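Participant: Okay, here's the prediction I keep looking at, along with the sequence it came from:
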Amino acid sequence: MRKLIMLFAFILLPTSQVMVGPIAIINGLSNTSEVDTTTSITTQLNTLHQNVGNSVTIFDLIPKRFITL
């Protein structure tokens with residue numbers, strides 16, 4: 001699960017320029033055996049993004065509106 005969260009962190013962070021905007025963190029909390037670790041990582045990512053001005057929304061699973069067929 002940590003790899004999944006870190007993957008999202010790297011995907012969502014800009015690489016060459018500073019950008020502020022909405023961030024979605026999908027953590028899979030309901031399906032993890034490491035609830036404390038997942039919660040801690042999610043909290044740290046949330047704090048990091050809010051400190052640089054992003055608005056953060058945290059999801060347990062991928063919302064249906066994000067899935068395209």
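Facilitator: All right, it came through fine. Remember, it's a predicted structure, so these values are computed and weren't measured experimentally.
Participant: for the protein, which spans come out with low pLDDT?
Facilitator: For the chain, the stretches with pLDDT under 70 are 1-18, 69.
Participant: ok, 90 please
Facilitator: The chain contains residues with pLDDT under 90 at 1-20, 62-69.
Participant: For the spatially most central residue of it, which non-adjacent residue is closest in space?
Facilitator: With distances taken as CA atoms, centre = their mean, I25 lies nearest the centre of the chain, 2.2 Å away. Spatial nearest neighbour of I25, excluding adjacent residues (CB to CB, 6 or more residues apart in numbering): I58 at 4.8 Å. Where you see a C-beta, it was placed from the backbone N, CA and C, and this is true even at glycine.
Participant: does that neighbour really touch P22, like I thought?
Facilitator: No - at 11.9 Å, I58 does not count as touching P22 under the criterion of CB atoms under 8 Å.
Participant: Those two: which is more packed in?
Facilitator: Set I58 next to P22 and count neighbours by other CB atoms under 10 Å: I58 wins out with 14 against 10.
Participant: How much space separates the more buried one from N46?
Facilitator: From I58 across to N46, the span is 6 Å (CB to CB, to the nearest Å).
Participant: what's the overlap in contacts for the two?
Facilitator: Counting by CB atoms under 8 Å, 6 or more residues apart in numbering, the common neighbours of I58 and N46 are I25.
Participant: Against F66, how distant is T57?
Facilitator: The separation that T57 has from F66, given CB to CB, amounts to 11 Å.
Participant: any shared contact partners between these two?
Facilitator: With CB under 8 Å, 6+ apart, T57 and F66 have common neighbours A24.
Participant: Following the chain onward from the lengthiest helix in the chain, which element is next?
Facilitator: Counting residues, the longest helix in the chain under DSSP state H turns out to be helix 35-51. Counting by DSSP states H and E, the next helix or strand C-terminal to helix 35-51 is strand 55-59.
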